[in-house]
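S.K.: Predicted model and sequence below, questions to follow.
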Amino acid sequence: MVWPGEIKAWDVLSGLDSEDVTVNAKVLFTAHDSTYVLTCFGQDIFISLNDRNIYSTTALGKLLINEHSEYSRLSILKYLIHSTDLPLAGQLIHPSDLPGGDIFIRGTHVLPLDKVAEYFENSSNEFISIGKSLGGTQLEYGDMSIELLPFPRVPVVIIVWLGDEEFPARSTLLIDSSCKSQIPTDIIWSTAMMSIKMMLTNKGV
């Protein structure tokens, strides 16, 4: 299935200088077959300009591209198009604090972080092991936390606090404030969604 905006994104990406894209997005490019190689969640993702195809050879990569295509495919193309050669800001923020970030707290765009808290409340070891299987790094925020790299220049941090007699378990998602220079706000939302989905659905892959 071709998601809305994909055809235009392929057109734009095909017109960009591959050397610029490799630097800006921190990806590889193989000239003989006009294919970018992007690392998403520790998996090699191949973006073929000739075939206009996005694919992976690993189980987790296929999960990302096929099962979560509504979040991943256009996000991958937009990341390659929009990313810039800038360092991380080192400041974590809530996505809702971004310009246009009100989409994160309204209606169907609210991130399903309640599901993360519910599932992992009694499975801290699994939370860390799944995160690490996605190329993530364990952090020390909350009761458990992991930093994922859906894209090389867009780290995502997911934090879980365990519940007690007074408060239920809760989870939050933070991003480096530099992300607004890398991808549009709607793609940041898709990137956050695929990060959550990969944490929740890669069990047993």
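M.R.: Received it, and whenever you're ready, just let me know what you need. Here the structure is a predicted model, which is why all the values come from computation and not from measurement. Numbers count the residues shown, from 1 in each chain.

S.K.: So which residue of this protein lies furthest out from the middle?
M.R.: residue 165 (33.5 Å; CA atoms, centre = their mean).

S.K.: is it fair to say that residue lies in a strand?
M.R.: No - Residue 165 sits outside any strand when classified using DSSP: H, G, I helix; E, B strand; the rest coil, being coil.

S.K.: quick one, phi psi at it?
M.R.: When read as degrees, to the nearest 10, the backbone of residue 165 gives phi -70, psi -20.

S.K.: Against residue 114, how distant is it?
M.R.: Using CB to CB, to the nearest Å, one gets 19 Å for the distance from residue 165 to residue 114. Yep, even glycine has a C-beta here, placed from its N, CA and C like the rest.

S.K.: what's the answer for residue 53, then?
M.R.: Residue 53 sits 35 Å away from residue 114, taking CB to CB as the criterion.

S.K.: What's the first helix or strand after the strand or helix carrying residue 138?
M.R.: Using DSSP states H and E, residue 138 sits within strand 137-139. Once the chain leaves strand 137-139, the next helix or strand it forms, by DSSP H and E, is strand 144-151.

S.K.: I'd like the average pLDDT over that following strand.
M.R.: Model confidence over strand 144-151 averages 97 on the pLDDT scale.

S.K.: buried set for it?
M.R.: By neighbour count with 16 or more other CB atoms under 10 Å, strand 144-151 contains the buried residues 144, 145, 146, 147, 148, 149, 150, 151.
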